[in-house]
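Peer 1: Sharing a sequence plus its predicted fold:
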Amino acid sequence: MRSATLPLTLSEPQIPDHNRLRLFSGSANTPLAQEVARYLGIDLGPMVRKRFADGELYIQIQESIRGCDVYLIQPTCQPVNDHLMELLIMIDACRRASARQITAVIPYYGYARADRKTAGRESITAKLVANLITEAGANRILAMDLHSAQIQGYFDIPFDHVYGSPVILDYLASKQLPDIVVVSPDVGGVARARAFAKKLNDAPLAIIDKRRQAHNVAEVMNVIGDVKGKTAVLVDDMIDTGGTITEGAQLLRREGARQVYACATHAVFSPPAIERLSSGVLEEVIVTNTIPLAADKHFPQLTVLTVANLLGEAIWRIHEDSSVSSMFR
């Protein structure tokens with residue numbers, strides 16, 4: 001997997017203070033946490049994780065973290081309820097162990113799609129999860145590519161929001177694709193696609209007008225913008241069932257696009273995503289490793305890029321009280 005290319009290097013000294021910085025991983029994405037630890041030049045902290053006979057989780061930190069800055073890496077991906085509960089127990093364990101500061105590093109923030117009420121008697125789960133994490137004892141959040149940027153405002157603690165786009169942009173630049181047009185798969189993703197296009201040498205922008213009839217069911221209507229004869233790059237924060245991306249790619253083909261690529265930070269890949277994405281309508285599906293992918297979710301068109309260096313750099317900057325946002329300028 002490719003690592004993030006960052007514009008700045010670590011400040012001196014380049015070796016973190018081992019007595020203050022501690023890194024722990026939940027079970028959701030241990031390989032990513034191990035890569036982050038290697039970037040920082042430290043080891044993952046020892047921790048006991050087991051289940052009682054009735055399925056309850058038990059977690060114990062196996063080293064002293066009194067007065068330390070603790071970073072807990074845990075995306076709340078499938079099975080989301082188990083991984084979310086594990087994160088909450090990890091935070092509580094660290095709080096009771098007298099950690100100085102606890103930062104929840106959440107590469108993928110689950111329950112983010114219900115970020116407002118669109119009908120009566122609905123729960124706003126993105127806010128509920130924010131409350132749970134805060135009440136558990138987290139002092140700070142580091143998350144990547146939220147489904148909705150306003151989720152940052154659901155927290156009353158410091159929140160650092162980082163983006164996987166530098167990794168994807170670096171990879172696309174290495175491919176030297178001709179006549180690129182960046183395409184937003186829906187109106188809600190226009191801001192994300194516009195920012196992506198600006199960093200891709202001010203590439204032109206197109207928008208797919210889509211009307212959703214039910215959850216995970218999308219109806220694609222038309223394309224706003226010129227894609228004929230161009231290399232279309234669909235940009236989204238996540239790919240779940242693949243319906244939006246593949247229907248958008250089919251529409252772009254009908255509108256004359258020469259090639260269609262799909263880029264997303266989070267590879268949720270719920271069934272029947274693999275069948276849809278590997279159907280041949282896309283030249284390549286480019287994602288990052290915020291969510292681990294089992295072997296049966298890999299297919300020939302898939303490229304997985306690593307965001308470990310990017311997360312590691314963000315953790316280092318938080319620990320050193322330096323700017324995180326300057327990583328993306």
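Peer 2: Received it, and whenever you're ready, just let me know what you need. Numbering: from 1, shown residues only.

Peer 1: immediately after the lengthiest helix in the chain, which helix or strand?
Peer 2: Looking across the chain with DSSP state H, the single longest helix is helix 80-96. Proceeding N to C from helix 80-96, the next assigned helix or strand is strand 101-106, under DSSP states H and E.

Peer 1: so how far is whichever helix or strand comes after that next one from its chain's centroid?
Peer 2: Sequence order places helix 125-136 as the next helix or strand after strand 101-106, per DSSP H and E. When distances are taken as C-alpha atoms, centre = their mean, to the nearest Å, helix 125-136 is centred 18 Å away from the chain's centroid.

Peer 1: List the contacts of helix 125-136.
Peer 2: Here helix 125-136 makes contact (C-beta atoms under 8 Å, 6 or more residues apart in numbering) with 76, 84, 87-88, 91-92, 95, 104, 109-115, 141, 147-148, 151, 154-157. (Glycine included, C-beta is placed from N, CA and C.)

Peer 1: mind listing what's buried in it?
Peer 2: 126, 127, 129, 130, 132, 133, 134, 136 (16 or more other C-beta atoms under 10 Å).

Peer 1: Show me the strands in this structure, by range?
Peer 2: 21-25, 47-51, 57-61, 69-73, 101-106, 140-144, 159-162, 180-184, 205-214, 217-224, 231-239, 259-267, 284-288, 302-305 (DSSP state E).

Peer 1: Which elements pack onto the fourth one?
Peer 2: With contacts defined as 3 or more C-beta pairs under 8 Å, 6 or more residues apart in numbering; DSSP states H and E, the secondary structure elements packing on strand 69-73 are strand 21-25, helix 30-40, helix 80-96, strand 101-106, helix 308-319.

Peer 1: Nearest to residue 265, out of the ones you listed?
Peer 2: Closest to residue 265 of these is helix 308-319 (C-beta to C-beta; 10.7 Å).

Peer 1: Run the angle between the closest one and strand 69-73 for me.
Peer 2: Going by axes from the mean of the first three to the mean of the last three C-alpha atoms, to 10 degrees, helix 308-319 is angled at 150 degrees with respect to strand 69-73.

Peer 1: Extract the CA atoms of helix 308-319 and return them as PDB.
Peer 2: What follows is helix 308-319, C-alpha atoms only, in PDB (Å, rounded to 0.1, in the frame of the first residue of the first chain):
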ATOM      1  CA  ALA A 308      -1.100   5.600   8.400                       C
ATOM      2  CA  ASN A 309       1.500   8.300   7.800                       C
ATOM      3  CA  LEU A 310      -1.100  11.000   7.700                       C
ATOM      4  CA  LEU A 311      -2.700   9.900  10.900                       C
ATOM      5  CA  GLY A 312       0.700   9.500  12.500                       C
ATOM      6  CA  GLU A 313       1.700  13.000  11.600                       C
ATOM      7  CA  ALA A 314      -1.600  14.400  12.900                       C
ATOM      8  CA  ILE A 315      -1.100  12.600  16.200                       C
ATOM      9  CA  TRP A 316       2.500  13.900  16.500                       C
ATOM     10  CA  ARG A 317       1.400  17.500  15.800                       C
ATOM     11  CA  ILE A 318      -1.400  17.200  18.400                       C
ATOM     12  CA  HIS A 319       1.100  15.900  20.900                       C
END
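
Peer 1: Counting by contacts, list what it packs against.
Peer 2: helix 30-40, strand 69-73, strand 101-106, strand 140-144, strand 159-162.

Peer 1: In a markdown table, list the ones you listed along with distance to residue 273 and mean pLDDT.
Peer 2: Shown next, in a markdown table, are these (distance: least, C-beta to C-beta, whole Å; pLDDT from 0 to 100):
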| stretch | distance to residue 273 | mean pLDDT |
| --- | --- | --- |
| helix 30-40 | 20 | 98 |
| strand 69-73 | 25 | 98 |
| strand 101-106 | 22 | 98 |
| strand 140-144 | 20 | 98 |
| strand 159-162 | 25 | 97 |
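
Peer 1: Ok, which of these comes nearest residue 51?
Peer 2: Using C-beta to C-beta as the measure, helix 30-40 is the one of the helices and strands packed on helix 308-319 that comes nearest residue 51, at 16.5 Å.

Peer 1: Setting aside sequence neighbours, what's the nearest residue to residue 184?
Peer 2: residue 193 (3.6 Å; C-beta to C-beta, 6 or more residues apart in numbering).

Peer 1: Is it correct that that neighbour is in contact with residue 186?
Peer 2: No. Taking contacts as C-beta atoms under 8 Å, residue 193 lies outside contact range of residue 186: 9.6 Å.

Peer 1: Name the residues contacting each of the two.
Peer 2: Both residue 193 and residue 186 are contacted by residue 207, under the criterion C-beta under 8 Å, 6+ apart.

Peer 1: More neighbours: which of the two?
Peer 2: residue 193 (24 against 18; other C-beta atoms under 10 Å).

Peer 1: For the more buried one, give me its contacts.
Peer 2: So residue 193 contacts 182, 183, 184, 205, 207, 235 (C-beta under 8 Å, 6+ apart).

Peer 1: Select, from those residues, the two members most distant in space.
Peer 2: The distance between the two most remote of the contacts of residue 193 (C-beta to C-beta) is 11.1 Å, for 207 and 235.
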